[in-house]
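[1] Below: sequence and its predicted model.
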Amino acid sequence: MIGQIVKKQALILLRNPIQILLLVGLPIILIAILSTALGGMMMGGGSPNIHVKVALVEHGDEEEEIQRFLGELEDEGMPREAIKEMETGIEQMAPVSMLKDEVFGSEEAREFVELHEVEATELTEIWDDNSYTAVVEVPENFTYESLEYLVLNHNSQPVLEVSQNDEQQIGPMIVNEILTQFQEQLTLGAFLQKNGIEQGAIQVDEGIFTGEALTLDQENPIGSQEYYAVGMTVMNVLFIASTIGTIAFMEKKIHVFDRIILGNVSRWEYFIGVLLSGTLFSFIHLLIVYGFSWIVYGVKWPNLLSFFTVTASLAIAIGGIAVLLTAISYRFNSEMITNFFSGIVVTLMAVLGGSFFPIGDSSAFIQMLGNLTPNGAGMSSYLMILRGDDIGEISHHVLFLVLFAATSIIIAAISFPKRGRAV
Amino acid sequence: MLELVDLSKKFKQMDAVKNLNMFIEKGEIIGLLGPNGAGKSTAISMLSSLIEPTKGDVRFQNKSMIKHPAPLRKVIGVVPQEIALYEDLTAEENMRFFGRIYRLRGTQLKKKIDEVLEQIGLTDRRKDIVKTFSGGMKRRLNIGVAMLHDPEIIIMDEPTVGIDPQSRNYILETVKRLNKEKQMTVLYTSHYMEEVEFLCDRIYIMDKGNLIASGTKDEIKRILSAEKTISIQAERWNDEFIEELKQNPTVNRVTVGEKEITVIIPKEVNMFSAIIRMAENADMELHSVDVQTPTLEDVFLHLTGRALRD
């Protein structure tokens, strides 16, 4: 009998294309709009696509300057064996090669830096080309003077000449930052050299090129599409509860419920039918919207067991809300509570639960409130799964969802009118 | 077969039904008459076990059904006043759902659906969504759903409200046929007196929660056997004419309608010429003056002082 009630609810829902469109189509549209519009606000994801085009002009010849430097060492009477040994180390210290190969040429930098080595004769043309972010000029004797500074502590550290394209906003800052770090590393290298510390220590810290922002507990960063796919889905699934509540109240209003009771169907069978409808349809709703997000927005779940556990728990919680709304509307013989839920409570829960913006930046109290909503707990769980957390780490949210469902069902069962009260 | 004993229902401070006593025998068509708010629907809800009475008992085959109504529910089919159907489902889907509710399945269910659709004349519309049906078709399907499990007793709460005369006749004929061919017991509530007169063997009349009369049609009409009804029609009424009628010592009751005045007088009195004279005195043009044998409507009027549809 319960199966018949669920089947009938499904048929009624399927015969209402506008309702289906609102339940399934709306979150999909909202994911697209919000992830695009608010992507810039998201931590870790949705950052602007940075592309830096750098022109490198060498006014000197690094190889020739290295040889000149070594020759000078010989002239100054340095033993031949010592020069031979230094020759090997100096190749690793060649600043221009290091800049080209280990800084701009590193795997991380190559993702957003496009380096062009150009001749000095082409400089005028390059300056007119607006696509370049910066032009880095290596002055004549730069390598020679750098080695003198690093190895012999002669002169001061030479500097690179950098011309920036001021029409670009972020790119010049990035180039500046890279070059500052590079020069600091060279200075550090000189310090290490003088104090007899390993030459291998003169390595540019690769961490400066990391393109993704990491937070302390975040293995995989969450992009805006992932965030809003979860946010909109957990918000919209709440409407399944009000939809089921509305159908159930309509059954009372037009006396179909009376007919069901007269068929010797226990009111508890009907109650369970409503609960299962809410749970099952919510589960299907979540799978459809997440399935669509996977296909269209590439939102993938690293741990399917955790995903299905959270989805099932959230669906049961929504089923609990559906049966609670049904019981209260039957008790007061009014649809007002269901309308209030879908019109106001869902929006409040969505805001508190973090569907529109991350609640991680809010106060601890707001975060706690958010996690005390089923959508908020579901959202926190889903985001943790996306970050790479395992099922053990989301267990407290899952437990909350199950307890929420149990509480709703118990209150609904107590409120559901007994025979003789419903007229 | 089915008995209501001192049945009462109180909603907060309002007595919806007061000490109602009724019995229904197998194969009868019983009429429950009364204006809106008389307590008919509450009485039916208690009888069909949907609400518990405040006091009294519902007995089926001499057993109380108040606490354990399952045996009664198995044998009754209820046609509610509202169209209790899923408008977004087809006629057949509605029947299949309610058939399954009554534990019918497989070929038995299919056979029953075919049979009932035939009886209510909706076979060719079985695949259509109910919301595309006319009011009359919905009413017929509303009845059909209550007949799926072959109930011994069918309870119909104003099943012809708001439909066209053709559909109304179809429903009345269907009820008559079911009673005749299947010996189905029918409890029929209505505020259309002519429907009850056409269908019912015995009649109960309710007003303001009370049972005010009961018996066969003839027994009830005999309440007015010592009286007769004169129906007067005119273009417009004159207060002087109405006042003179009311003051006449031989007149038992005067009821003024929009286009008709009903006068109840003792059977032996002849007032025809007196009415013509009163109209002339009041300078009023009469359209017709009919002397009628009493109808159930007249009985109701006599008992309550108001028309059924007031």
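    Nice, I can see it.
[2] Find me the pLDDT at the residue of the stretch 201-350 of chain A found nearest chain B, would you?
    Closest to chain B within the stretch 201-350 of chain A is A:G263: 3.6 Å, counting by C-beta to the nearest C-beta. C-betas here are computed from N, CA, C, even on glycine. Looking at A:G263, its pLDDT reads 88.
[3] For it, give its distance to A:L11.
    18 Å (C-beta to C-beta, to the nearest Å).
[4] the more surrounded of those two?
    Remark: of A:G263 and A:L11, A:G263 carries more neighbours, 19 against 15, as counted by other C-beta atoms under 10 Å in any protein chain shown.
[5] Residues of chain A that sit close to chain B?
    A:1, A:4, A:8, A:11-12, A:15-16, A:254-256, A:258-265, A:419-420, A:422-423 (C-beta under 8 Å from any C-beta of the partner chain).
[6] out of those, which are inside strands?
    Within the residues of chain A next to chain B, no residue falls in strands by DSSP state E.
[7] Which of those residues are buried, as a ChimeraX select command?
    To isolate the buried ones among the residues of chain A next to chain B in ChimeraX, judged by 16 or more other C-beta atoms under 10 Å in any protein chain shown, type:
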select /A:1,4,8,12,15,254,255,256,258,259,260,261,262,263,264,265,420,422
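[8] that older thread, which residues touch the nearest residue to the residue of the stretch 201-350 of chain A closest to chain B once chain neighbours are set aside?
    Spatial nearest neighbour of A:G263, chain neighbours left out: B:I101 (3.6 Å); criterion: C-beta to C-beta, 6 or more residues apart in numbering or on different chains. Residues near B:I101 by C-beta atoms under 8 Å, 6 or more residues apart in numbering or on different chains: A:M1, A:Q4, A:R259, A:I260, A:G263, A:V265.
[9] same thing with A:V296?
    By C-beta under 8 Å, 6+ apart, the contact set of A:V296 is A:I28.
[10] One more pass at 6 Å, please.
    By C-beta atoms under 6 Å, 6 or more residues apart in numbering or on different chains, no residues touch A:V296.
[11] State the mean pLDDT of the helix or strand hosting A:M379.
    If you go by DSSP states H and E, A:M379 is part of helix A:374-387. Per-residue pLDDT over helix A:374-387 has a mean of 91.
[12] Off-centre distance for that helix?
    In terms of C-alpha atoms, centre = their mean, to the nearest Å, the centre of helix A:374-387 is found 13 Å from the chain centre.
[13] can you give me the helices in chain B?
    B:40-47, B:70-75, B:91-101, B:106-119, B:135-147, B:165-182, B:193-199, B:217-221, B:239-247, B:272-281, B:296-304 (DSSP state H).
[14] ok, of these, where does mean pLDDT dip lowest?
    For these, mean pLDDT drops lowest on helix B:296-304, to a mean of 73.
[15] Can you give me the buried ones in that one?
    Buried residues in helix B:296-304, counting neighbours by 16+ other C-beta under 10 Å, are found at B:L296, B:E297, B:D298, B:V299, B:F300, B:L301, B:H302, B:T304.
[16] Please give me every residue in contact with B:E25.
    B:M1.
[17] centroid residue for chain B?
    B:S190 (1.9 Å; C-alpha atoms, centre = their mean).
[18] pLDDT on the longest helix anywhere in chain A, on average?
    Longest helix in chain A by number of residues, with DSSP H as the criterion: helix A:304-332. Mean per-residue pLDDT for helix A:304-332: 94.
[19] could you say what helices and strands it packs with?
    Where contact means 3 or more C-beta pairs under 6 Å, 6 or more residues apart in numbering or on different chains; DSSP states H and E, helix A:304-332 is packed against helix A:238-253, helix A:267-292, helix A:336-340, helix A:374-387, helix A:391-415.
[20] for that helix, the distance to its chain's centre please.
    Distance of helix A:304-332 from its chain centroid, counting by C-alpha atoms, centre = their mean, is 27 Å.
[21] Please apply the same query to stretch A:281-295.
    Worked out by C-alpha atoms, centre = their mean, stretch A:281-295 lies 19 Å from the chain centre.
[22] can you pull the buried residues of it?
    A:F281, A:S282, A:F283, A:H285, A:L286, A:I288, A:V289, A:Y290, A:F292, A:S293.
[23] Return the backbone torsion pair for the closest residue to chain A within chain B.
    In chain B, the residue that lies nearest chain A is B:E52 (3.2 Å; C-beta to the nearest C-beta). Per-residue torsions, B:E52: phi -80, psi 140 (degrees, to the nearest 10).
[24] now it: how far from A:E58?
    Relative to A:E58, and taking C-beta to C-beta, B:E52 is found at 99 Å.
[25] do A:L262 as well
    94 Å.
[26] Count the neighbours of residue 68 for me.
    In the absence of a named chain, this looks at chain A. If you count neighbours by other C-beta under 10 Å, A:R68 ends up with 16.
[27] not what I meant, chain B
    Neighbours around B:H68, by other C-beta under 10 Å: 10.
[28] go on, A:M250?
    Around A:M250 there are 16 residues (other C-beta under 10 Å).
[29] Just the endpoints, please. Distance across stretch B:60-69?
    The straight-line separation of the ends of stretch B:60-69 (C-alpha to C-alpha, to the nearest Å) is 9 Å.
[30] Would you indicate which residues of that stretch are buried?
    Going by neighbour count (16+ other C-beta under 10 Å), the buried part of stretch B:60-69 is B:F60, B:M65, B:I66, B:P69.
[31] Tabulate those (CSV), appending distance to chain A.
    Listed next are the buried residues of stretch B:60-69 as CSV, based on distance: C-beta to the nearest C-beta, whole Å:
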residue, distance to chain A
B:F60, 14
B:M65, 12
B:I66, 10
B:P69, 8
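[32] what's the domain layout of the chain?
    No chain was given, so I picked chain A. A:2-45+A:217-415, A:52-209 (automatic domain parsing).
[33] You answered for a different chain; I wanted chain B.
    Per automatic domain parsing, the structural domains of chain B span B:2-221, B:226-293.
[34] Most tightly packed of those?
    Comparing the domains of chain B by mean neighbour count (mean count of other C-beta atoms under 10 Å in any protein chain shown), domain B:2-221 comes out on top with a mean of 19.
[35] hmm, back to that, where among the domains of chain A is the average confidence lowest?
    domain A:52-209 (a mean of 77).
[36] starting at the chain centroid, how far to that one?
    Using C-alpha atoms, centre = their mean, the mean C-alpha position of domain A:52-209 is found 36 Å from that of the whole chain.
[37] coming back round to it: so which of the helices and strands packed on helix A:304-332 comes closest to A:V175?
    Nearest to A:V175 among these is helix A:374-387; the distance by C-beta to C-beta comes to 31.6 Å.
[38] Show me what that closest one is packed up against.
    helix A:224-236, helix A:304-332, helix A:346-353, helix A:364-371, helix A:391-415.
[39] pull the CA atoms of that helix into CSV?
    The C-alpha trace of helix A:374-387 is given here as CSV (Å, rounded to 0.1, in the frame of the first residue of the first chain):
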residue,chain,number,x,y,z
PRO,A,374,19.8,20.2,7.3
ASN,A,375,20.9,22.0,4.1
GLY,A,376,23.8,23.6,6.0
ALA,A,377,25.0,20.3,7.5
GLY,A,378,24.6,18.7,4.0
MET,A,379,26.5,21.5,2.4
SER,A,380,29.4,21.3,4.9
SER,A,381,29.6,17.5,4.3
TYR,A,382,29.5,17.8,0.6
LEU,A,383,32.3,20.5,0.6
MET,A,384,34.4,18.4,2.9
ILE,A,385,34.0,15.5,0.5
LEU,A,386,35.0,17.7,-2.4
ARG,A,387,38.1,18.8,-0.4
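[40] Write out the residues of the stretch 1-150 of chain B neighbouring chain A.
    B:50-52, B:70, B:73, B:78, B:80, B:82, B:84, B:88-89, B:97, B:100-102 (C-beta under 6 Å from any C-beta of the partner chain).
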